[in-house]
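Peer 1: The following comprises the amino acid sequence and a computationally predicted model.
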Amino acid sequence: MELDVIDLYVKKLKENLEAKMKIEKVSQELLKEPWEKIHFWDDRIKSDLGKYDKLLIQNWTSQNGGEIFNKIAMTSARKAELAALRLYRQLYGSAEDLSIMQVTDPNRNEWKKADISTNDQWIDVKNARTSFSSPNTYSEHCVPKFKSDRKGHDVTISAFLSPYGEDSTDPIIWLGETTWGQIEQLQKYFNSDTLAVNFSTDLNKNFLPAWLFDYPAVCYRERDASLEIIRSPDFEFPRRECAIGSGVLAKRVIASKTESALGSEAMRLERRINDCGLSRPVLFLHILDRFCRLTSEHSTFKETRIDEILFPGSGEHSKIPLGVYDPLKTVWNLWNILSEVSERCFEEATYFNFFKLGGANILQGRKDHGKWVTIYAYCGGWGQLEDKTPIRCGQNPLYLGQDQTCSSCNKLICHECGFCSNLCPDCQERQRKKPPLKKKEYDSLQQKNNENIPPDYIPPDYIPF
């Protein structure tokens, strides 16, 4: 009898070890960075600008004022389309260039609604360029109108981030895809009694931040195959020495562990993924929702330790939260910003009981029906270098606890250039008192901005409709 018990115990140990090895294998798969699917280097597509590409760029430039700046922007937009064509041909085997029909076959109407046809769907390529002042930050993508294909299906918005300089060798980065239907579902799900989410502006345009996009299922084929293994009913999940994030992904968060704060957060996240799926926007909005709810309840946000679930190894894999590829680290940066807001100005933050996330990726809070106060934002102000060259400040991020709140407009005051709002009566006088940015200081500011990416908004370049 005792030998039977020992044999059973050894068997269980062996099964647990095998399960742990499988989990480790899955974890390695989840932490792979799919560079070949995401990055397309600028010098790979320079030679692809043929006669019709140049004619198309010329037409776009004429429609947008004909200035050299617009020509560079339109060239960047066409290069992003060419990168997208390569990418979709790699993913699906074939892709048709609809955009070029504007000059090769203008009587066809497909180009008015989409740029690419692939995998039985229409793709609308949206290109934003990095700013001169912050070359590694992203911009939102402006989508004046969401479109439908001939079957009434949503046209997929595919977002690309291109380098600012015409001769830059920095990569064109594919940020992923979204559709109006997906955005609408997110807004409906995450709108609550503490948080309002709306990506439309008063100008009837939609500004879509980088975290709102994610990659199609074909890019996550290996990841999803690994997850099927550990989600199978036949898979005996190890009960010890297993990262809690693995439990969330396996949908195996143990009920007994929910008694701890970390366990409770893991269970909430598991339920969220069950409801909405596993994606970059879901993880981003989950963090934001938890911050808003806990702050309105006068609780400390950082004590949730959500980062331990999302980022194994203390942020070592900050581009891959819970197996989701996030090339600009939008989820990681949001966690850090909101943690600092919660720590640096706990009393001020917990004064709010309602929050809204605006179209330009600006978070504001208020008490009951009082005035809106900005919690985090970007600097959209302009300054000058010593040689009087105008330059967009691009300080990013601005947030409560680091930057002061303007007593006139309740917007955050940029600590670099003094800007708060174009409509504020105090803004111009405050900026006049600021010394010009010196070249050395400017380079330092540029480097600092690169280390703190979102939330950011710089008016993007986008191809005309």
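Peer 2: Done, it's in.

Peer 1: residue boundaries of the helices in the stretch 51-200 of the chain?
Peer 2: Secondary structure of the stretch 51-200 of the chain, counting by DSSP state H, counting those that start in this stretch: helices at 51-63, 68-92, 101-104, 180-190.

Peer 1: in the first one, what's buried?
Peer 2: Looking back up the chat, that one is helix 51-63. In terms of neighbour count (16 or more other C-beta atoms under 10 Å), helix 51-63 has its buried residues at 53, 56, 57, 60, 61. Every C-beta, even on glycine, is put in place using the N, C-alpha and C of the backbone.

Peer 1: show me what contacts the last one?
Peer 2: So the one you mean is residue 61. Taking C-beta atoms under 8 Å, 6 or more residues apart in numbering as the criterion, residue 61 is in contact with 67, 70, 71, 74.

Peer 1: The closest residue in space to it that isn't next to it in sequence: neighbouring residues, count only.
Peer 2: Spatially, and ignoring its direct neighbours in sequence, residue 61 is nearest to residue 71 (4.5 Å; C-beta to C-beta, 6 or more residues apart in numbering). Taking other C-beta atoms under 10 Å as the criterion, the count of residues near residue 71 is 18.

Peer 1: I figured residue 71 hits residue 57, correct?
Peer 2: Yes - using C-beta atoms under 8 Å, residue 71 and residue 57 qualify as a contacting pair, with a distance of 6.9 Å.

Peer 1: okay, and for the stretch 351-465 of the chain, where does confidence drop off?
Peer 2: Where the stretch 351-465 of the chain drops to pLDDT under 70, the residues are 359-360, 437-465.

Peer 1: Mind doing that once more with 90?
Peer 2: 351-353, 358-362, 367-371, 377-398, 400-401, 415-417, 422, 432-465 (pLDDT under 90).

Peer 1: do the stretch 201-350 of the chain as well
Peer 2: Within the stretch 201-350 of the chain, the stretches with pLDDT under 90 are 201-210, 218-264, 296-305, 308, 311-320, 322-323, 325, 327-329, 340, 342-350.

Peer 1: where do the helices sit along it?
Peer 2: Taking DSSP H, counting those that start in this stretch as the criterion, the stretch 201-350 of the chain carries its helices at 221-231, 244-250, 261-276, 280-296, 306-310, 330-344, 346-349.

Peer 1: Indicate which one of those helices is closest to residue 102.
Peer 2: Proximity of the helices of the stretch 201-350 of the chain to residue 102 was assessed by C-beta to C-beta; the nearest stretch is helix 280-296, lying at 31.6 Å.

Peer 1: Pull out the CA atoms of the closest one and give them to me as PDB.
Peer 2: Extracted as PDB, the C-alpha positions of helix 280-296 are listed here (Å, rounded to 0.1, in the frame of the first residue of the first chain):
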ATOM      1  CA  ARG A 280      -3.500  44.900 -27.300                       C
ATOM      2  CA  PRO A 281      -6.500  47.200 -26.900                       C
ATOM      3  CA  VAL A 282      -8.100  44.900 -24.400                       C
ATOM      4  CA  LEU A 283      -5.000  44.900 -22.200                       C
ATOM      5  CA  PHE A 284      -4.600  48.700 -22.500                       C
ATOM      6  CA  LEU A 285      -8.200  49.400 -21.600                       C
ATOM      7  CA  HIS A 286      -8.200  46.900 -18.800                       C
ATOM      8  CA  ILE A 287      -5.300  48.700 -17.100                       C
ATOM      9  CA  LEU A 288      -7.100  52.000 -17.600                       C
ATOM     10  CA  ASP A 289     -10.400  50.700 -16.300                       C
ATOM     11  CA  ARG A 290      -8.700  49.300 -13.200                       C
ATOM     12  CA  PHE A 291      -7.000  52.600 -12.500                       C
ATOM     13  CA  CYS A 292     -10.200  54.600 -12.900                       C
ATOM     14  CA  ARG A 293     -12.200  52.200 -10.600                       C
ATOM     15  CA  LEU A 294      -9.600  52.000  -7.900                       C
ATOM     16  CA  THR A 295      -8.900  55.700  -7.900                       C
ATOM     17  CA  SER A 296     -12.600  56.500  -7.600                       C
END
